[in-house]
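A.B. asks: missing the sequence, but the structure's below:
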């Protein structure tokens with residue numbers, strides 16, 4: 001069984017999430033990213049990032065100065081790593097990017113900072129939540145958050161959306177990606193809360209809820225709001241039991257049950273059985289991700305074609 005932190009008592013989704021962003025949870029995290037790294041590979045292709053960031057740079061008075069960028073709930077830096085691997089940042093190579101990191105976990109900030117390389121340069125570090133970010137910090141030319149706000153308490157969402165939008169400098173842009181209500185991340189967590197925790201606990205925030213809150217916050221500022229769904233699946237071999245266990249525990253931010261217990265749990269076990277493809281000897285976990293861009297009026301981004309299968 002992969003080593004993982006014991007989950008905190010109670011049903012506080014945010015507290016359990018934070019507990020798993022730690023060195024003790026590294027094996028579980030690596031099992032998860034054996035499959036979930038695909039999330040960020042596809043996000044690196046969902047937009048023409050060179051065009052988007054190049055346009056932001058062109059709207060600035062001094063194009064030679066580095067862009068300022070804030071990565072909200074930066075996690076382990078999989079998104080910037082995917083952009084670098086895809087060579088998607090050539091438009092800002094000359095000016096460079098001062099890459100600020102925000103996360104309530106010091107472990108996550110250190111992990112994300114370690115993957116940065118030119119044109120991305122680690123700059124300020126904010127060990128806090130988005131809604132608690134100092135109003136005097138920023139603004140930034142680019143603000144993004146990818147698979148970042150699942151554990152945000154629903155009553156904090158509007159404040160977080162307001163802070164996200166307020167952090168975008170004039171002429172800048174924002175981007176967010178969050179799992180949709182029907183996608184695996186939210187569906188498996190609902191099944192976990194219903195079947196393992198007796199319905200107690202706060203469900204993950206959906207991409208639809210986050211997009212609606214951002215649209216409400218963006219409208220008074222004259223920003224163009226554009227959404228796109230990215231659909232694909234994670235395929236996890238049935239035989240790779242250690243990886244499967246770690247992957248699922250990370251999806252749930254809970255390691256109290258091993259793989260056998262997860263498969264046998266009420267509601268959750270039925271959900272997992274429904275995801276199993278016996279012919280391929282694999283679990284197929286369908287992902288549906290809401291991508292949301294905020295840009296100046298008339299500068300809406302061009303999305304890639306919707307993805308239905310990983311490439």
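C.D. replies: That came through fine. What you see is a predicted model; the values in this text were computed from it and never measured.

A.B. asks: list the beta-bridge partners for residue 68.
C.D. replies: residue 98 (DSSP bridges).

A.B. asks: contacts only, for it.
C.D. replies: By C-beta atoms under 8 Å, 6 or more residues apart in numbering, the contact set of residue 68 is 97, 98, 100, 123, 138, 139, 140, 141, 142, 169. Heads up, the C-betas are built off the backbone N, CA and C, glycines and all.

A.B. asks: tally of neighbours for the fifth one?
C.D. replies: The number of residues packed around residue 138, counting by other C-beta atoms under 10 Å, is 20.

A.B. asks: am I right that residue 82 is in contact with residue 46?
C.D. replies: No: Residue 82 lies out of contact with residue 46 (C-beta atoms under 8 Å); the separation is 10.7 Å.

A.B. asks: in the chain, where is pLDDT below threshold?
C.D. replies: Applying pLDDT under 70 to the chain flags residues 1-11, 21-22, 305-311.

A.B. asks: now for the strand or helix carrying residue 82, which elements pack on it?
C.D. replies: Using DSSP states H and E, residue 82 maps to helix 78-85. In terms of contacts (3 or more C-beta pairs under 8 Å, 6 or more residues apart in numbering; DSSP states H and E), helix 78-85 is packed against helix 26-43, helix 106-115, strand 140-146.

A.B. asks: try 10 Å this time
C.D. replies: Secondary-structure packing of helix 78-85 (3 or more C-beta pairs under 10 Å, 6 or more residues apart in numbering; DSSP states H and E): helix 26-43, helix 49-58, strand 67-72, strand 97-102, helix 106-115, strand 120-126, strand 140-146.

A.B. asks: let me have the ones you listed in a markdown table, extended by distance to residue 86.
C.D. replies: Shown next, in a markdown table, are the helices and strands packed on helix 78-85 (distance: least, C-beta to C-beta, whole Å):
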| stretch | distance to residue 86 |
| --- | --- |
| helix 26-43 | 8 |
| helix 49-58 | 8 |
| strand 67-72 | 17 |
| strand 97-102 | 15 |
| helix 106-115 | 14 |
| strand 120-126 | 13 |
| strand 140-146 | 14 |
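
A.B. asks: out of the ones you listed, which is closest to residue 276?
C.D. replies: Judged by C-beta to C-beta, the one of the helices and strands packed on helix 78-85 that comes nearest to residue 276 is helix 26-43, at 15.0 Å.

A.B. asks: just the buried positions in the closest one, please.
C.D. replies: 26, 28-29, 31-36, 38-43 (16 or more other C-beta atoms under 10 Å).

A.B. asks: swap in stretch 18-27?
C.D. replies: Neighbour-count burial for stretch 18-27 [16+ other C-beta under 10 Å]: 18, 19, 20, 21, 24, 25, 26.

A.B. asks: the third one contacts residue 27, doesn't it?
C.D. replies: No: judged on C-beta atoms under 10 Å, residue 20 makes no contact with residue 27 at a distance of 11.2 Å.

A.B. asks: if I look at the residue nearest the centre of the chain, how far off is residue 155?
C.D. replies: With distances taken as C-alpha atoms, centre = their mean, residue 147 lies nearest the centre of the chain, 1.4 Å away. Remark: distance between residue 147 and residue 155 (C-beta to C-beta, to the nearest Å) = 21 Å.

A.B. asks: now residue 303
C.D. replies: Distance from residue 303 to residue 155, counting by C-beta to C-beta: 31 Å.

A.B. asks: all strands for the stretch 101-250 of the chain, in order.
C.D. replies: Along the stretch 101-250 of the chain, counting by DSSP state E, counting those that start in this stretch, strands occupy 120-126, 140-146, 168-179, 223-237.

A.B. asks: strand partners of the first one, parallel vs antiparallel please.
C.D. replies: Sheet pairing of strand 120-126 (DSSP bridges) gives strand 97-102 (parallel).

A.B. asks: got the angle for the strand it pairs with vs helix 106-115?
C.D. replies: 160 degrees (axes from the mean of the first three to the mean of the last three C-alpha atoms, to 10 degrees).
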